[in-house]
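K.L.:
predicted model follows, preceded by the sequence.
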Amino acid sequence: MSDFQKDNVALMCDIGELVGIFDFEQGFDSFLQRAVSMVAWHMRAAVCSLYLYKPATRELVLRANQGLNPQLIGTLRLKIGEGITGMALKEMRPICEARATDNPNFKYIPGSHEENFVSFLAVPIIRRMNPVGVIVVQDPQWNYFTPNDIQALQVIASQLAGVIENADLLSELRQKEQQDSPAPVFHGEQEFGPGTHCVRGVGASDVMGMGLSTRIGQYLTLDQEAATCPLDLTEDDFDRALLATERQLLDLQRRLEDKIHDAASMIFGAHVLMLKDEAFSGEIRNQIRGGKNPWTAIVEEVRRYSRLFAHSPNPALREKVLDVEDLGHRLLQNLSAQSMASTNPDYSGQIVIAEELLPSDILKISAEGAAGLILLGGGQHSHVAILAKAMQIPLVIATDRRLLSLPEKTPLLLDAKEGQIIVRPGPEAIQTMQNIIRSLADSLRLAELAQPETRTQDGAEVHLFANMNLVSELDVALRVHAQGIGLYRTEFPFIVRSSFPTEEEQFVVYSRVLERMQGAPVVFRTLDVGGDKVLSYFHAAPESNPFLGLRALRFSLKNPLIFKQQLRALLRAAHDYPQARIMFPMVASLDEFLEARALVEVCHRELQREGIPSRIPELGMMIELPSAVTMINELAAAADFLSIGSNDLIQYLLAVDRTNTRMAPWFAPHHPAVIRALHCIVKTARQHNKVISLCGTLGADPRLMPFLLGIGLRHFSLDPLEIPAVQRRIAQINAAQAEQQAQHMLTLGRIGDVADYLRQINPPD
């Protein structure tokens, strides 16, 4: 079999084809059988087997097969680590053998009729870092499976994982279904009195908005829906609504891919899977055939699933309540043209108020030109906030429920940077907000005036890089002539999802970032979660002080399966892009860095054995802990490069919570301890000839820029929109003079003395 015949495996086995299998009504076992038949055909393999993991017995059970004895389906069981198949699940990695019998773990299954098959490839199926099963292909030809086949089967495994988990969870829920309970009803809230009111919340983006209020309700009230229900709707109308909803979901995903590729992957997966689940759509159809109006059937089934999900002990299922309600609204809107006209308003110029929002809501609201968002309650704040920021939508998260009772078209001002909402603003407040909005627009225009190079007054070259969270922010970085990405926060594609991204999904995101940067350096910081960055789908033990708990590199080292998937994706992306670098966050000791580096080497060897192209790029670390400052000599010797995380470094050096506004007077970047620590780090890095950069808000502080340049810093990583202003400030500074000023500052022992000196050497505001 030539490689050419298998070149398009990944393309042929896309998610659309796999999900399309749900059109068959024979049930889950039929789906699995169709899946193995399809994989065998696409890969031109003689055998394809699918094993599912049973946690209760810690066994793999053969559930579907093409090419072996069909009588083994349901009866063949393997322990974890038993045979090549069991070992693939135990080690959570693909195992590919040119000749299966050469592997010491090979186990012959009597009666399987596999004696004629030589080549063997097993790929674990993993969901949320939990074992789901193993998919295996075999062929009589020696050394038949290529690295491309391994990658293709990994993609297929990642798509199957969601379908299998969804089927298992729904099966579990149906066994525990409870009596119907009434749907939640909105009872109203107290109202604001007349006049202007100021409401404090939490700002979730850096933009401003002004407009008229409108409210999105998330409640399915049967009486309200039935009141607008045409009497002549039929099963054919429901089928048309089903098809229209599927098309809308696919279109939404495509549109979101264009805006935020790293967050879009599988963001509507729960909707599509539910839509294709015959137990959901089939039950609605059965109710219609039994005489119910399609509206009534949809609402009752949506309520039933919402109740099941809400009462589930499984956190992953509880998060699906909003998914099924969103799906119900879409079906109802598509069922009636009249409904769509009344429930799909134009949000242009309006501030949308909601108790909870889905990613699809954010995209729709953005596309329709909403002036801003106010969000109350719900469990998706972090997801929605990141999406809103990436799409430049003003968002404030508030707790004052009187906002829900505002009359339609109440004038509002939204300061999403400060977390402030002004209800019925006066002329003065409106004028102030208009001035701020104009000023921000001017800042964006000025940003485009940034120069490709940055130099001090006396010609010293300085390199300005951009910080970024999502691929959508690359455009701004390129517009302001950032010389690269000094910090790509890889945790944000994790945060905006409802499950861990697979190795393949991460590989696509990292490759896209590198491709877009066209040869400029890109520093990928490995997963930095914990503290205020929480993964809703990863339920760790509660911590009394999460900021000093299992976070950043500690989290990754404690969860090697998660860490290895990310490292493998990064090493694969680095193969074709020599400018890629990897940086570990919150390194507290040399031991931690060496352990992380060793795991990188393990991943590289695994990829080499699997025949997958990869490369170990430069490995660096963030210096943001007092222990790292003390150990800087050893750390600088071990790392390829260093980056100072100034925000956390100041916080931990001074024991001041930077998010606590009451502690603001004590958060002093010019504290003698801080500036001496910075000098020590930079001096030691330069002694070891290592590139040292500074990342954080300190790099955008114009008062401290002379000191930073004076101690020898020449690399800064900043918010992209800060680059033009920082560039202009650097051009005003004489580097030689700044060095003398920095040396004097290091002799000062009081915070007040440092502040006074900074006022002397900086021009007045």
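P.N.:
Thanks, I have the structure now. Numbers count the residues shown, from 1 in each chain.

K.L.:
mind listing what's buried along whichever strand or helix holds residue 514?
P.N.:
Taking DSSP states H and E as the definition, residue 514 sits inside helix 503-516. Within helix 503-516, the residues scored as buried using 16 or more other Cβ atoms under 10 Å are 503, 504, 505, 506, 507, 508, 509, 510, 511, 513, 514, 516. Backbone N, C-alpha and C define where each C-beta goes, glycine included.

K.L.:
can you list the strands that the next helix-or-strand element following it pairs with?
P.N.:
Per DSSP H and E, helix 503-516 leads on to strand 522-525 as the next helix or strand towards the C-terminus. With DSSP bridges as the test, strand 522-525 is paired with strand 485-489 (parallel), strand 580-584 (parallel).

K.L.:
I'd like these as CSV, with distance to residue 251, mean pLDDT and mean neighbour count appended.
P.N.:
Formatted as CSV, these follow (distance: least, Cβ to Cβ, whole Å; pLDDT from 0 to 100; neighbours: other Cβ atoms under 10 Å):
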stretch, distance to residue 251, mean pLDDT, mean neighbour count
strand 485-489, 29, 95, 26
strand 580-584, 33, 98, 25
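
K.L.:
can you add distance to residue 682 and give those strands back as CSV?
P.N.:
Shown next, in CSV, are the strands paired with strand 522-525 (distance: least, Cβ to Cβ, whole Å):
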stretch, distance to residue 682
strand 485-489, 16
strand 580-584, 17
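
K.L.:
what separation do you get for the closest residue in space to residue 362 that isn't next to it in sequence and residue 493?
P.N.:
Spatial nearest neighbour of residue 362, chain neighbours left out: residue 387 (4.7 Å); criterion: Cβ to Cβ, 6 or more residues apart in numbering. Distance, residue 387 to residue 493, by Cβ to Cβ, to the nearest Å: 12 Å.

K.L.:
the two: who's more crowded?
P.N.:
residue 387 (30 against 25; other Cβ atoms under 10 Å).

K.L.:
could you look up the SS state of the more buried one?
P.N.:
helix (DSSP: H, G, I helix; E, B strand; the rest coil).

K.L.:
could I get the buried residue list for stretch 744-761?
P.N.:
Across stretch 744-761, burial judged by 16+ other Cβ under 10 Å covers 745, 746, 748, 754, 757, 758, 761.

K.L.:
could you give the mean pLDDT of it?
P.N.:
Taken as a whole, stretch 744-761 has a mean pLDDT of 94.

K.L.:
do stretch 522-534 as well
P.N.:
84.

K.L.:
one step back: residue 356 is nearest to which of the strands paired with strand 522-525?
P.N.:
The closest of those to residue 356 is strand 485-489. By Cβ to Cβ, the value is 25.4 Å.

K.L.:
which elements pack onto whichever helix or strand comes after the closest one?
P.N.:
Scanning forward in sequence from strand 485-489 by DSSP H and E, the next helix or strand is helix 491-495. For helix 491-495, the elements it packs on are helix 261-264, helix 381-390, judged by 3 or more Cβ pairs under 8 Å, 6 or more residues apart in numbering; DSSP states H and E.

K.L.:
least confident of those helices, on average?
P.N.:
helix 261-264 (a mean of 54).

K.L.:
next, count neighbours for residue 233.
P.N.:
18.

K.L.:
where does pLDDT dip in the stretch 1-150 of the chain?
P.N.:
Scanning the stretch 1-150 of the chain with the threshold set as pLDDT under 70 gives 1-27, 128-129.

K.L.:
show me the helices in the stretch 251-400 of the chain, by range?
P.N.:
Using DSSP state H, counting those that start in this stretch, the helices of the stretch 251-400 of the chain run over 261-264, 269-276, 283-289, 294-310, 315-318, 321-335, 337-343, 359-367, 381-390.

K.L.:
these: lowest mean pLDDT?
P.N.:
helix 337-343 (a mean of 43).

K.L.:
now the terminal residues of stretch 606-616, how far apart.
P.N.:
12 Å (Cα to Cα, to the nearest Å).

K.L.:
buried set for it?
P.N.:
606, 607, 610, 612, 614, 615, 616.

K.L.:
which residues touch it?
P.N.:
93-94, 96, 146-147, 150-151, 568, 571-572, 574-576, 578, 600-601, 603-604 (Cβ atoms under 8 Å, 6 or more residues apart in numbering).
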